[in-house]
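Need coordinates for the following:
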Amino acid sequence: MALRHFIDIDQFDGAALRALIASARALKESGPKGAAPKLDPSTMLALMFDKPSTRTRVSFDVAMRQLGGQTLVLNSSETQIGRGESIADTARVLSRYVDAMMLRTGPHANITELAEYASVPVINGLTERSHPCQVMADVLTFEEHRGPIGGRTVAWIGDANNVANSWTHAAVRFGFTLRIACPKELSPDPALLNWAAREGGNVEVTSVPGEAADGADALVTDVWVSMGDADADKRMKLLAPYQVDEKLMDAAAKDAIFMHCLPAHRGDEVSAAVIDGPQSVVFDEAENRLHAQKAVLAWCFGL
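From the prediction side, this is the model:
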C-alpha cells in the first residue's frame, strides 16, 4: 500500500474527506472500546513538537492508544533537530523506529520535507500555513450541531491565518461558502484565493465583520497573536474591530454556532458572553479533535 500522508485538506477530494468525517463519527459513537479494527500493540506513533501544545498532544496520544497503539513524544529541544540535524535525516532515521509521525511545527516546508523523506505516514499537526486536523474536527462539530455543511455559510472573523487557510481548503472540498472578514493587512494569500476560484469554491473576502456575519450559520475566530508573531501590538490594534461579540452573533442566523480552535483570550478576539454562551460549541470542537484524528490515524494505517 502506498504511503498515506495527511498533510493538507486540499490534497484530498470531497469523497475522501467525507469518508474521513463518517469514520470519525462512527469511531466517536463506538467509544474508546468500540468494535473498530485495532492496531497491533507494538505500533508506534512519534509525536514531534516544535511548538507547545495541549489539544494536539493529548488528543493524538489518546487517539493512538484507543486504536491499540503507542506514542513517543519528541520535543525539538530534546532531539538533534534542535542542534541542526536535517529534517530529511531525521525522517530517514525515525522511519526505522516508528510506524508513523505527527509533526507540529512552524515553516510548512518542515512537514513537506519530513513526508518526502519518511518511509512511514506523516501527519500535519500544525504549520504556519495550515491546520488540517483542526478543521476536520470543526467540520465534524458543525455537522453534529447543524447538519450537512454543504451549501451552508461559515464566517471567519479576524486574521486570515493558518486555520483560516484550512477553512478555505475545506470550503472548496466540502462545498460551502466561506466569508473571511479581516483587515487588509492580514488578508489571505492571493495564491490561495486563486486556487479556490479555480477549483470552483465560493470564498469571499471583506474588511467588514458584519458583512461576513450576515445570516451565517457559524462564526469562527482564532487568537489575534499566534506563537512566534513578533508584531503583537500592531496586530492587536488592527484586529480590535474584529471581536466576535453579542452584536456580531446577532447578525448571524438565529441558530448560528460560535467556533474557536482554542486557546481563547476572552475580551480580545471573542467576548466572554459569546464563548461561554449557548451558541458556543468550542468544547465540542476540542473533543472532536480526538475523534477526527483517530479517523486520520486509522486511514493512515489502512484500518
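
make it CA atoms for all contacts and neighbour counts henceforth
Will do.

Now do the contacts for A197.
The contact partners of A197, taken as CA atoms under 8 Å, 6 or more residues apart in numbering, are V203.

element containing it?
Element membership for A197, per DSSP states H and E: helix 190-198.

How about the residue nearest to the spatial centre of the chain, nearest residue that isn't a chain neighbour?
Residue closest to the average C-alpha location in the chain (CA atoms, centre = their mean): Q134, at 2.2 Å. Among residues not flanking Q134 along the chain, R289 sits closest, at 6.4 Å (CA to CA, 6 or more residues apart in numbering).

need the contact list for the one you found.
By CA under 8 Å, 6+ apart, the contact set of R289 is R55, T56, S59, C133, Q134, A137.

what bits of the stretch 1-150 of the chain have low per-residue confidence?
Confidence mapping of the stretch 1-150 of the chain against pLDDT under 70 gives the ranges 1, 34-37, 81-83.

picking that back up, give me the buried entries from the contacts of R289.
For the contacts of R289, a burial check counting by 16 or more other CA atoms under 10 Å picks out R55, T56, S59, C133, Q134, A137.

tell me which of these is nearest to L39?
Nearest to L39 out of the buried ones among the contacts of R289 is S59 (CA to CA; 17.1 Å).

For the closest one, give me its contacts.
So S59 contacts R289, L290, Q293 (CA under 8 Å, 6+ apart).

Of those, which belong to strands?
Among the contacts of S59, DSSP state E puts none in strands.

Tabulate the residues you listed (TSV), appending distance to M236 and pLDDT.
Putting the contacts of S59 into TSV (distance: CA to CA, whole Å; pLDDT from 0 to 100) gives the following:
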residue	distance to M236	pLDDT
R289	28	98
L290	31	97
Q293	32	97
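
Give me the subset of these lying in helices.
Under the assignment DSSP state H, these contribute R289, L290, Q293 to helices.

from memory the last one sits against C133, does it?
Yes - the pair Q293 and C133 qualifies as a contact (CA atoms under 8 Å) at a distance of 6.5 Å.

Give me the distance between the helix or strand harbouring R92 and the centre of its chain.
Using DSSP H and E, R92 maps to helix 87-94. Mean-position distance between helix 87-94 and its chain equals 25 Å (CA atoms, centre = their mean, to the nearest Å).
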